[in-house]
Every structure is written in structure tokens, then in C-alpha cells.
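# Take this sequence and fold it.
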Amino acid sequence: MKEELLRVGTTYIPTLNVDLAAQWYVSKLDASLNYQDEDKAILGFANQSFFLVKSSPNQSSNFIDAYGKERFSMTFEVNGIEALEAIHKDFLEKGIKAGKIENRGHAGRNFVFADLDGNLFDVWSELSPDFKGKLLK
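Numbering: from 1, shown residues only. All right, here's what the predicted structure looks like:
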């Protein structure tokens, strides 16, 4: 039997202030707070577990691409363009720093948002086929 990676279970996100970041994720992204101490918070949202980990100043999950542009390291998916537009509007109303909805030349549309620590995340209007099949069962 050939073993394979089945899913991403946990993502680690650096933060300067665990308590403020946890409050932000709970209030802005409707995350559930599953555990918290002074060094970390464990959140549940988007069918995954996220660890907010106390980090040194100027840390983020972002990276600089070959052209000097700061990039996100994760894309969330929603079910269609209408859902993307609705969540984009909701994020803006909640005061989340979110960019414009973009056409990047592939299926669907995207926008980028940032958390309190400047960690960038992408949102895409297309669900992966495997997840869509499981979600719609």
C-alpha cells in the first residue's frame, strides 16, 4: 500500500501578541478558540487547526518572491464568486485590511487580506474538486 499525505492539519502563524491575535481571529474570522496560554493559541476555522505562536518582532508567514513582491503563503477557498464578493464585503465592514478582488488570469477571482501582524492570506473563489465533492455530499 502506498502512503500519501492526506490533508494539512495545522498551520502555524507567528504573532507578537497571542491574546490580541486570538481575539482578532475570533472576532473577525469567526474562529473558535480551542486553547490559549501566554505562548500560543489554538484556533479552529476553515476546516483546520491554526496555532498562533508568540514570535520575535518583524516575523510573518510572508515571503518575498523573485520580483521583490511580498507574498502570502496560504490561500483559503470559498464556493463561488458570489461567496467571494460577500466575504470580501464582510471583511471590509469588519475593518480587515483587504485588497481589491483580482482577476489573475486563471479560473475564479481572488483577494488578499492581512491579520494584525501583517500575515497575508489569499481568498480564492474556487473550491478544490475533492473538497467540493465532500462538502456537497
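# can I assume Q59 is in contact with L52?
No - with contacts counted by CB atoms under 8 Å, Q59 stays clear of L52, the gap being 11.9 Å. From N, CA and C alone the C-beta is placed, and that goes for glycine too.
# Secondary structure element holding the residue nearest the centre of the chain?
Against the mean C-alpha coordinate of the chain, by CA atoms, centre = their mean, the closest residue is F121 at 4.7 Å. In the assignment (DSSP states H and E), F121 maps to strand 120-124.
# List of residues touching whichever helix or strand comes after that strand?
The helix or strand immediately downstream of strand 120-124 is helix 129-135, counting by DSSP H and E. With contact meaning CB atoms under 8 Å, 6 or more residues apart in numbering, helix 129-135 is reached by 77, 79, 127.
# ok, now stretch 55-68?
Outside stretch 55-68, the residues that reach it (CB under 8 Å, 6+ apart) are 12-16, 70-74, 117-120.
# got the residues you listed as JSON lines, with secondary structure columns?
Formatted as JSON lines, the contacts of stretch 55-68 follow (DSSP: H, G, I helix; E, B strand; the rest coil):
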{"residue": "Y12", "secondary structure": "strand"}
{"residue": "I13", "secondary structure": "strand"}
{"residue": "P14", "secondary structure": "strand"}
{"residue": "T15", "secondary structure": "strand"}
{"residue": "L16", "secondary structure": "coil"}
{"residue": "E70", "secondary structure": "strand"}
{"residue": "R71", "secondary structure": "strand"}
{"residue": "F72", "secondary structure": "coil"}
{"residue": "S73", "secondary structure": "coil"}
{"residue": "M74", "secondary structure": "coil"}
{"residue": "D117", "secondary structure": "coil"}
{"residue": "G118", "secondary structure": "coil"}
{"residue": "N119", "secondary structure": "coil"}
{"residue": "L120", "secondary structure": "strand"}
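# So among those residues, which ones count as buried?
If you count burial by 16 or more other CB atoms under 10 Å, the buried members of those come out as 13-15, 72, 74, 117, 119-120.
# can you tell me which two in those are farthest apart?
Among those, the pair separated by the greatest distance (CB to CB) is T15 and F72, at 15.9 Å.
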